[in-house]
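# sequence and computational prediction follow.
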Amino acid sequence: MGRALVVLGAGSAAGRGVVEAALAAGRAVLAVGMDDATRQALSGRHPQGRLRALLAPVASDADAAALARRLRTPGLVVDGVVASLAGSHPCGRLIDEPAEVLQRTLDQDLLPHLFAARHLLPLLAEGSAGYVLIGGPGGRYPWAGYGHCSIAAAALRMMARVLHEEAGREGQRVQLLSMDAPVAADSPAALALGRRALAMLDEARHQCPAPIHDYAGEMTSAVIAGTPAAAASFHGIRAHRTTAGDVLPARHMRSARALLDAIASPTSPGSVHDEY
């Protein structure tokens with residue numbers, strides 16, 4: 001395949017979005033965790049694309065070591081890695097569930113990222129695009145009813161910082177792309193997320209990247225615009241139905257979201273972290 005992008009968790013919604021975005025950009029992709037039916041569907045949409053699928057788990061250190069051995073094959077140069085590794089968890093309150101539920105969540109959402117990074121970072125070729133982890137929502141502020149996933153997402157943010165520092169000393173680039181909401185498979189949001197991950201890899205070739213990038217989906221402002229006006233419940237205020245012209249660009253929505261976050265949870269002096 002020559003120089004190829006390795007996508008871990010390629011069968012997930014986010015992983016499939018990364019694979020499709022890479023194929024559309026003309027990249028060769030080795031999709032780990034993608035079944036043959038999905039591979040055929042994507043190959044049908046991108047007949048000129050170079051796509052190989054590999055069913056290999058990354059649930060343990062031994063799994064990751066075995067995957068690394070399979071990737072050390074003649075003709076394959078690992079140009080970058082995007083890892084979308086997470087399990088499937090039911091919702092529920094943290095204090096209502098036994099401790100084993102949190103342990104299982106960490107085992108599925110956090111540790112596979114460590115296993116993969118330990119064994120795949122050394123495979124990155126000279127001049128590669130780097131390594132991007134994709135994290136779920138709840139890492140900064142917890143999602144009600146999804147406390148277990150929020151704790152795992154917060155732990156992944158810290159792990160990404162540590163890997164960023166450690167890998168940087170070896171001239172490698174590790175980043176975290178943190179989603180603000182889950183994405184559905186084969187959706188515009190998943191494809192947009194994939195494009196953002198690729199942009200992070202491209203930018204990292206030319207400059208030292210920030211360890212964490214918080215991603216607000218491009219559909220956020222459109223969803224707000226489509227919400228019926230609630231001004232009628234306030235006396236003396238004329239109702240106004242939002243139109244397409246009122247939709248804020250996504251970059252403005254991210255700035256507004258950051259401002260509201262700062263107001264709701266102000267950071268004490270001396271505890272600011274350089275995430276940007």
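Here it is on my side, so go on.
# so how far is stretch 155-162 off the chain centroid?
Relative to its chain's centre, stretch 155-162 lies at 13 Å (C-alpha atoms, centre = their mean, to the nearest Å).
# who touches stretch 139-156?
With C-beta atoms under 8 Å, 6 or more residues apart in numbering as the test, stretch 139-156 has contacts from 89, 91-94, 97, 101-102, 105-106, 109-110, 113, 133, 135-138, 157, 176, 178, 214, 261, 265. Glycine gets a C-beta too; all of them are placed from N, C-alpha and C.
# just the ones in helices from those, please.
Secondary structure from DSSP state H places 101-102, 105-106, 109, 113, 157, 261 of the contacts of stretch 139-156 in helices.
# beta partners of residue 177?
Taking DSSP bridges as the rule, residue 177 bridges to residue 134, residue 213.
# tell me who's in contact with it.
Each residue near residue 177 by C-beta under 8 Å, 6+ apart is listed here: 132-135, 193, 196-197, 200, 213, 215.
# how much space between it and residue 82?
Separation of residue 177 from residue 82 (C-beta to C-beta, to the nearest Å): 8 Å.
# which neighbours do those two share?
Jointly contacting residue 177 and residue 82 under the rule C-beta under 8 Å, 6+ apart are 132, 134, 197.
# dump the residues you listed to TSV, plus neighbour count and distance to residue 204.
Shown next, in TSV, are the shared contacts of residue 177 and residue 82 (neighbours: other C-beta atoms under 10 Å; distance: C-beta to C-beta, whole Å):
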residue	neighbour count	distance to residue 204
132	27	8
134	30	15
197	28	11
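# ok, these vs residue 206, which is closest?
Proximity of the shared contacts of residue 177 and residue 82 to residue 206 (C-beta to C-beta) peaks at residue 132, which lies at 15.5 Å.
# can you pull out the helices in the protein?
13-24, 36-45, 61-71, 99-109, 111-120, 147-168, 188-204, 220-225, 250-264.
# so for the longest one, what gets flagged as buried?
When you say that, I think you mean helix 147-168. For helix 147-168, the neighbour count (16 or more other C-beta atoms under 10 Å) marks 147-157, 159-161, 163-164, 167 as buried.
# what of the third one?
Along helix 61-71, the positions that meet the burial threshold by neighbour count (16+ other C-beta under 10 Å) are 63-64, 67-68, 71.
# now the angle from that helix to helix 111-120?
On the basis of axes from the mean of the first three to the mean of the last three C-alpha atoms, to 10 degrees, helix 61-71 is oriented at 40 degrees to helix 111-120.
# same check, this time on the longest one
Angle, helix 147-168 to helix 111-120, by the same axes, to 10 degrees: 20 degrees.
# check the fourth one too.
For helix 99-109 against helix 111-120, the angle between stretch directions is 30 degrees (the same axes, to 10 degrees).
# which other helices and strands does helix 99-109 contact?
For helix 99-109, the packing partners by 3 or more C-beta pairs under 8 Å, 6 or more residues apart in numbering; DSSP states H and E come out as helix 147-168.
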